[in-house]
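J.: 3D model of this:
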Amino acid sequence: MRRHRRAPRRGRFVLPVVVAVLAVGAVVTANATNAAHTCGGELPLRVTVTPALQQVVQRAADGFEKDRAAVNGVCVKVEVVPEQAADVVAELPTKPIDPPALWIPDSTLWASTAAQKNAAVPGVTPKVAPHGSLATSPLVVVGGMDAVAKLGWPQSSVSWKRLVDPGVPVDIADPLTNTEGIATLGLAEGMAPAQNGTPPPELIATLLRLRDSTQPNIATCYQLMVKNPATAPLFTATEQSVIAHNGSSSVPAVALYPTEGSVLFDYPVVRVSTAAEPSGTSDAAAAFEHRLRSADTAKSLSDAGFREPGGRAAWPMREGVRMDTPNRLPTPTSDQVTTVLRAWDVIHLDGRTLAVIDTSGSMAEPMPDGQSRVEVARDGALAGMSLMPDTTSVGLWTFSEQWSELVPVGPLGGKTNGGPQRQLLQQAAASLPGRVGGNTALYDTALQAYRALRDGYDATKVNSEVLITDGKNETPGGIDLTALIAALRAEVDPTRPIQIIGIGLGPDADMTVLQQLAAATGGKAYQALSGADFRAVLFDALSRRPCTTSNC
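T.: Residues are numbered from 1 along each chain as shown. Below you'll find the model as predicted:
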């Protein structure tokens with residue numbers, strides 16, 4: 001859901017500071033008494049903040065304007081806009097004209113993610129420059145008093161490993177849009193790190209469990225707790241949110257601090273700049289950041305339940321939380337987040353996928369890690385299936401000189417010819433190395449697989465042919481490339497989309513052909529030069545969802 005900007009709220013809190021900044025000839029002034037300084041006109045300064053900081057930053061803005069802060073005699077007008085960091089990251093590449101001048105997300109992770117995305121479109125997107133932290137708040141596990149007492153609180157400590165036990169109900173906020181959810185998945189990945197881009201069974205089990213206990217946001221988690229404090233699932237949230245909740249609710253929440261430690265949300269100030277921003281914006285942003293780092297704003301942050309940048313709690317003992325500084329665990333890296341979110345996408349995929357795997361003689365050739373190409377394909381297929389829910393439909397074909405249907409497309413939780421579909425697919429995938437031999441009927445197989453998917457098209461699912469090959473078409477007498485592309489283009493129906501996703505395995509794969517097949521059907525082509533590459537691109541391929549309707 002797109003969040004709408006709210007009009008700035010005018011409070012009565014005034015910060016009596018005097019700021020004088022000289023930069024590139026521009027004079028920035030702010031005075032504690034209105035009579036001492038006048039200004040005219042208006043220099044807009046948009047500040048986008050994570051919603052938890054809105055009130056604190058708005059108070060600072062009110063004081064800043066009350067003191068009539070100005071750049072070269074022009075009044076600075078601060079607009080505070082609450083917005084989730086995920087939305088800002090999604091919007092920044094499309095805002096080269098009018099982005100926020102300052103952005104305060106709840107984690108540096110978002111700033112690095114935004115910088116990576118913006119770097120992909122150099123010269124167009126805004127520049128992102130993270131500055132230091134304003135405050136911190138650890139990620140904690142939250143529940144009602146009766147619920148946490150079942151875990152031994154307050155006498156016994158808890159651990160993250162215990163909290164991922166299937167016997168302990170735990171919810172998370174949607175990790176695609178909430179930092180709390182991403183941080184939780186990052187902690188799970190840290191306990192069971194992915195190997196060469198492939199999630200291990202322990203992480204897969206945790207993701208599958210959390211898949212069915214995801215809430216849209218933290219507010220929903222608190223609402224469920226208030227409704228049923230003794231039985232509602234525990235959930236992960238910031239310590240500050242516990243303090244804020246307990247300050248306004250008759251149903252108190254308790255924060256649990258896992259023994260291993262936790263990640264700290266660090267609320268950095270991020271300067272966002274463009275070449276087209278109004279003259280004086282940089283000076284106005286620097287002056288307002290100075291106000292945000294003042295002692296008065298630090299007190300407002302502490303009063304609101306935030307810790308100091310180093311993690312110390314400057315507030316007195318409060319209900320439901322601890323004052324001591326928890327052990328700080330590393331913030332998940334962008335690569336960790338990418339890996340775990342890719343796996344998260346796959347376990348949520350409600351797709352209909354036909355895997356078509358090359359078993360020609362060259363698939364026995366080794367990859368750089370020593371595995372044969374067909375072994376890499378086998379292991380990737382098994383790992384991908386382990387993530388998919390029972391509602392996902394999957395089938396498996398192989399091809400060398402002829403194509404062969406090993407398992408027809410069907411729900412992983414269903415049965416085919418009396419046997420469990422998932423088990424049949426696992427057995428078929430395990431048999432791939434023993435099927436290697438012969439030439440490569442790439443063109444004929446690609447077309448026949450596309451037609452098989454078309455004939456059984458399911459409008460409720462994402463229909464995809466995943467074509468994995470290491471070479472070129474080698475079958476004389478079959479369809480040629482020109483006729484193949486023409487046939488696909490003629491048979492494509494935009495109202496019944498079926499995408500061909502081509503994965504070239506090794507340096508000899510005909511990527512030009514795979515790219516043409518993908519382009520003709522709205523798919524995508526990848527090349528994997530190692531086993532790790534293959535697992536990464538396979539997960540990315542499996543999570544592709546072509547947007548062809550308003551429901552995408």
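J.: okay, and for the protein, where does confidence drop off?
T.: 1-37, 94-97, 120-124, 195-198, 201, 543-552 (pLDDT under 70).
J.: Report the central residue of it.
T.: L176 (4.4 Å; CA atoms, centre = their mean).
J.: That one contacts L341, correct?
T.: Yes - when contacts are counted by CB atoms under 8 Å, L176 is listed as touching L341 (7.2 Å). Every C-beta, even on glycine, is put in place using the N, C-alpha and C of the backbone.
J.: What about the residue lying closest to G478 once chain neighbours are set aside, how many residues nearby?
T.: Leaving out its chain neighbours, the residue that sits closest to G478 by CB to CB, 6 or more residues apart in numbering is D444, at 4.5 Å. By other CB atoms under 10 Å, 18 other residues sit near D444.
J.: Which helix or strand contains S248?
T.: Secondary structure from DSSP states H and E places S248 outside every helix and strand.
J.: again with S137
T.: Per DSSP H and E: strand 137-144 holds S137.
J.: buried stuff in that strand?
T.: Buried residues in strand 137-144, defined by neighbour count with 16 or more other CB atoms under 10 Å: 137-144.
J.: which strands and helices sit next to it?
T.: helix 179-191, helix 218-227, strand 234-238, helix 239-246, strand 253-256, strand 264-265 (3 or more CB pairs under 8 Å, 6 or more residues apart in numbering; DSSP states H and E).
J.: quick one: the fourth one to strand 137-144, angle?
T.: Counting by axes from the mean of the first three to the mean of the last three CA atoms, to 10 degrees, helix 239-246 lies at 40 degrees to strand 137-144.
J.: Next, the angle strand 234-238 makes with helix 239-246.
T.: Interaxial angle, helix 239-246 versus strand 234-238 (the same axes, to 10 degrees): 110 degrees.
J.: gap between stretch 409-422 and the chain center?
T.: Its chain's average C-alpha position is 32 Å from that of stretch 409-422, according to CA atoms, centre = their mean, to the nearest Å.
J.: P494 - that's part of a helix, no?
T.: No - according to DSSP: H, G, I helix; E, B strand; the rest coil, P494 belongs to no helix; its state is coil.
J.: That one: neighbouring residues, count only.
T.: 8.
J.: Equivalent analysis for the one 5 residues further on, please.
T.: For Q499, the count of nearby residues is 24 (other CB under 10 Å).
J.: same deal with Q423?
T.: 13.
J.: For V140, give its distance to R535.
T.: 33 Å (CB to CB, to the nearest Å).
J.: Actually, L43.
T.: For L43 relative to R535 (CB to CB), the value is 51 Å.
J.: Compare neighbour counts for those two and give me the winner.
T.: For the pair L43 and R535, the greater number of neighbours falls to R535 (24 against 21), based on other CB under 10 Å.
J.: Which strands or helices does the strand or helix carrying R46 pack on?
T.: Assigned by DSSP H and E, R46 belongs to strand 40-49. Strand 40-49 is packed against helix 54-66, strand 74-82, strand 102-104, helix 281-292, with contacts defined by 3+ CB pairs under 8 Å, 6+ apart.
J.: re earlier: can you redo the helices and strands packed on strand 137-144 as TSV with distance to A284 and mean neighbour count?
T.: Converted to TSV, the helices and strands packed on strand 137-144 look like this (distance: least, CB to CB, whole Å; neighbours: other CB atoms under 10 Å):
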stretch	distance to A284	mean neighbour count
helix 179-191	28	24
helix 218-227	32	18
strand 234-238	30	26
helix 239-246	28	22
strand 253-256	38	26
strand 264-265	27	28
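J.: Can I get those in TSV including distance to A528?
T.: Output for these, formatted as TSV (distance: least, CB to CB, whole Å):
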stretch	distance to A528
helix 179-191	22
helix 218-227	38
strand 234-238	34
helix 239-246	42
strand 253-256	42
strand 264-265	36
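J.: Nearest to R352 among the ones you listed would be which one?
T.: helix 179-191 (26.3 Å; CB to CB).
J.: need the next SSE after that closest one, C-terminal direction.
T.: helix 201-211.
J.: and the helix or strand just after that following helix, which strands flank it?
T.: Downstream of helix 201-211, the first helix or strand assigned by DSSP H and E is strand 214-215. With DSSP bridges as the test, strand 214-215 is paired with strand 170-173 (parallel).
J.: Output the partner strand as PDB, restricted to C-alpha atoms.
T.: Written as PDB, here are the backbone C-alpha positions of strand 170-173 (Å, rounded to 0.1, in the frame of the first residue of the first chain):
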ATOM      1  CA  VAL A 170       6.600 -16.400  16.700                       C
ATOM      2  CA  ASP A 171       5.300 -13.800  14.200                       C
ATOM      3  CA  ILE A 172       7.400 -11.400  12.100                       C
ATOM      4  CA  ALA A 173       6.400  -8.300  10.200                       C
END
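J.: Pull the residues that contact it.
T.: Residues outside strand 170-173 that contact it (CB atoms under 8 Å, 6 or more residues apart in numbering) are 141, 163-164, 180-181, 184-185, 210, 213-218, 220-221, 224, 233-237.
J.: rerun at 6 Å
T.: 163, 180-181, 184, 210, 213-215, 217-218, 221, 233-236 (CB atoms under 6 Å, 6 or more residues apart in numbering).
J.: Show me which pair in these is furthest apart.
T.: The largest separation in the contacts of strand 170-173, counting by CB to CB, is between L163 and N217 at 20.1 Å.
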